[in-house]
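1. Coordinates for the following, if possible.
(chains A, B, C, D, E and F)
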Number of protein chains: 6
Amino acid sequence: MVYVTRRERFNAAHRLFRNDWSDETNNEIFGKCSNPNWHGHNYELHVTVRGKVSTETGFVVNLKDLSRILKTKIVDKVDHKNLNLEVEFLKGMIISSENLAKAFWREIEHDIKLLGAELHCVKVTETENNYVEYFGE
Amino acid sequence: MVYVTRRERFNAAHRLFRNDWSDETNNEIFGKCSNPNWHGHNYELHVTVRGKVSTETGFVVNLKDLSRILKTKIVDKVDHKNLNLEVEFLKGMIISSENLAKAFWREIEHDIKLLGAELHCVKVTETENNYVEYFGE
Amino acid sequence: MVYVTRRERFNAAHRLFRNDWSDETNNEIFGKCSNPNWHGHNYELHVTVRGKVSTETGFVVNLKDLSRILKTKIVDKVDHKNLNLEVEFLKGMIISSENLAKAFWREIEHDIKLLGAELHCVKVTETENNYVEYFGE
Amino acid sequence: MVYVTRRERFNAAHRLFRNDWSDETNNEIFGKCSNPNWHGHNYELHVTVRGKVSTETGFVVNLKDLSRILKTKIVDKVDHKNLNLEVEFLKGMIISSENLAKAFWREIEHDIKLLGAELHCVKVTETENNYVEYFGE
Amino acid sequence: MVYVTRRERFNAAHRLFRNDWSDETNNEIFGKCSNPNWHGHNYELHVTVRGKVSTETGFVVNLKDLSRILKTKIVDKVDHKNLNLEVEFLKGMIISSENLAKAFWREIEHDIKLLGAELHCVKVTETENNYVEYFGE
Amino acid sequence: MVYVTRRERFNAAHRLFRNDWSDETNNEIFGKCSNPNWHGHNYELHVTVRGKVSTETGFVVNLKDLSRILKTKIVDKVDHKNLNLEVEFLKGMIISSENLAKAFWREIEHDIKLLGAELHCVKVTETENNYVEYFGE
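-> Numbers count the residues shown, from 1 in each chain, chains lettered A, B, ... in the order given. Below you'll find the model as predicted:
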């Protein structure tokens, strides 16, 4: 078993809020992250898959394939987008890094399996001081 | 003469567009950066001042003072904000990194002078691949 | 289960030595790190907690709360300090990164639990080439 | 149990190819990484060992010893080398990061054990976007 | 005048040597960098251009244009290549970072001018410890 | 003219204070940096030299020579040391980054000249947020 990680990046706008909460409550819980006019980040996405190393290729997965999945299933849909308004698979969610990691996992899990590997970790880095990791359970 | 640099960071939303251009033209020139629903960045701001080293303190400027100026004059006004909509000193501008650097320069130049130093460079980093520097002329 | 990490930083002086060893032995085992006049580091602290993502907030923990615990229980007590001389909870220890990680764990474990999450990992980075991780057992 | 990681770096040339495949197949699977004239990387190697913290030294292992093993068993043999042609313990392999991680593990596992610790992870970083980790099984 | 920098990356093999020198002399001057079997690097290229900020676009240059020039004139020709053997515009040179910076300058200077800006600096980073800058004279 | 930069690192203890000032004044001006029990940093030193590129070697200077000068004249004397107490060429100074940069310049200027190059810049990085540069005048 070897673990292979690919990093991708995207820039997006978001805000943290619940529309069933008052502005005061949103501000109390989410602080400046609830700004109604949005803010944004240079997100980093690290996706780790695991599997046996193929004796034929020396690879767990061909990184071209892994990168293509991440681009078509995630990056193309979130890069330079408003994560609250424009991303079908994020609709109705609070756009926290925790929920992003879980949603990204769902979007790619099946395709990773088709590559013959197992999705191990989705890591979402929001700033140099904050990141989350999701391992599928 | 020694040059002293302080780094600050802020997260903000923006878009590149002109409202006197059609959507097609905005898209042709600014591409995905013109998305009407905004996107955002983890901006880095590096401000460099220069001056003589005080024999009394060993400092060109006290970094506490430099940092306070950057926070009150810039970071507090742009962090977790929409740069197009919410920042008085950016009103009416195209929110490119070039224009940010020049606007930030204007906001702090006077206060740096009051510290007894000279503003040398304002650097704005938008992504790990793109940054601009403005030297005041 | 999602894992959330917060990075904090502090600058401190320390030395590695045992006062029941001769200078020769201290030097043989700890090398230049045993310099009696101290040396220091820009330490990085990464604290990872894990828990369920709240459907109410989208958070495992509110990062404001996590950061406040790290600041009051650790950073305020070690930043710009001599780790051998001035930190109550490090008294009598060899100030290795291993012992720092374990001591930091003890200082915050209870407070993390009160947040409704579980402390997962304390990582202490001494230089860009050396770091340690402690998982509580 | 504490986990201790040491980073080392080396610069080397390599290519990905099988000499029992046609140029077309090599190119189809390995792309530009199969260039017969080689390309190269600034590799980073992170080696993590785990063990009990010695009450005598405060260490899991003395980093001088860990670093010496990494240098003599790996870095001295691969730095500024052609990984396909010049490294005895890589002979006959496809020089993927996956295979590097597994080969490096084999080269140091015994020596780490003699230090009184257990080898936990060998991580090989090929670029800022790609890395692999091997945990020994 | 604002200065705009774009970073690009490429991975390549090279060696430092003169074929009119003996192996001993090559080794004495270039050390392990003269290894006849090559070694390689993850090179970083930072290209800085300067110019007036267009009141129409807020740009000195459109980064899409700058990036396209760097890709077609430099990166496509050197990425995953052997810099000594495969790059027409480097033929006959000692492949030091100094000579790379000067050669890259020549390849792009004219195209940058056509963008309406002035080439200011070409920076080539070979490792995290070594880099060179060329300003055109 | 090409500019060549070499990075070196050292870890050291220091404090900012004047013994002709009261504790109150030291604290007012230098804050927690004046802690009598010291604190410390992972300092980075970037030294830039400039000169013509030798047609014989492709180098401005041989980095082996530049690195040797930095190690013998600076790093060996400051690494794992107390900068206030143990460094002959820093005696009597306020150990600010500004004064370090100027003192390091004096220590190496002559030796750089003997290499046939000109010292251009000494940069001292104290933390990821603060650095100073000295150009010799």
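
2. contacting residues for the residue nearest to residue A:135 when sequence neighbours are not counted?
-> Using C-beta to C-beta, 6 or more residues apart in numbering or on different chains and skipping the chain neighbours, the partner closest in space to residue A:135 is residue A:121 (5.4 Å). C-beta here means a position set from N, CA and C on the backbone, and glycine is covered the same way. By C-beta atoms under 8 Å, 6 or more residues apart in numbering or on different chains, residue A:121 lies in contact with A:5, A:46-48, A:133-135.

3. now do 7 Å
-> By C-beta atoms under 7 Å, 6 or more residues apart in numbering or on different chains, residue A:121 lies in contact with A:48, A:133-135.

4. again, but for residue A:94
-> Residue A:94 makes contacts with A:16, A:18, C:57-58, as judged by C-beta under 7 Å, 6+ apart.

5. Highest neighbour count among the residues you listed?
-> When neighbours are counted by other C-beta atoms under 10 Å in any protein chain shown, residue A:16 leads the contacts of residue A:94 with 22 neighbours.

6. Correct me if wrong: that residue contacts residue A:32.
-> No: assessed by C-beta atoms under 7 Å, residue A:16 is found out of contact with residue A:32, at 9.5 Å.

7. which phi and psi does the closest residue to chain F within chain A have?
-> Relative to chain F, the nearest point of chain A is residue A:128 (8.7 Å; C-beta to the nearest C-beta). Note on residue A:128: its backbone torsions stand at phi -70, psi -10 [degrees, to the nearest 10].

8. what's the nearest residue to it if we skip its chain neighbours?
-> Closest to residue A:128 by C-beta to C-beta, 6+ apart is residue C:7, at 6.8 Å.

9. Name the SS class of the one you found, please.
-> Judged by DSSP: H, G, I helix; E, B strand; the rest coil, the three-state class of residue C:7 is strand.

10. Also residue A:133?
-> State at residue A:133, reduced to three classes by three-state DSSP: strand.

11. Please name the bridge partners of the residue in chain A that chain B sits nearest to.
-> Of all residues in chain A, residue A:40 sits closest to chain B, at 0.8 Å by C-beta to the nearest C-beta. Note on residue A:40: beta-bridge partners by DSSP bridges are residue A:13.

12. Now do the buried residues in the helix or strand hosting residue A:110.
-> Per DSSP states H and E, residue A:110 falls inside helix A:97-114. Going by neighbour count (16 or more other C-beta atoms under 10 Å in any protein chain shown), the buried part of helix A:97-114 is A:97-105, A:107-108, A:111-112.

13. Surely the residue of chain A closest to chain B touches residue B:13?
-> Yes: judged on C-beta under 7 Å, residue A:40 makes contact with residue B:13 at a distance of 4.4 Å.

14. Can you confirm whether the helix holding residue A:110 lies near chain B?
-> No: Helix A:97-114 does not reach chain B (C-beta under 7 Å from any C-beta of the partner chain); its nearest approach is 12.6 Å.

15. helices or strands up against that helix?
-> Where contact means 3 or more C-beta pairs under 7 Å, 6 or more residues apart in numbering or on different chains; DSSP states H and E, helix A:97-114 is packed against strand A:39-51, helix A:63-70, strand A:118-127, strand A:130-134, strand C:2-14.

16. From residue A:67, how far out is residue A:134?
-> Using C-beta to C-beta, to the nearest Å, residue A:134 is found at 20 Å from residue A:67.
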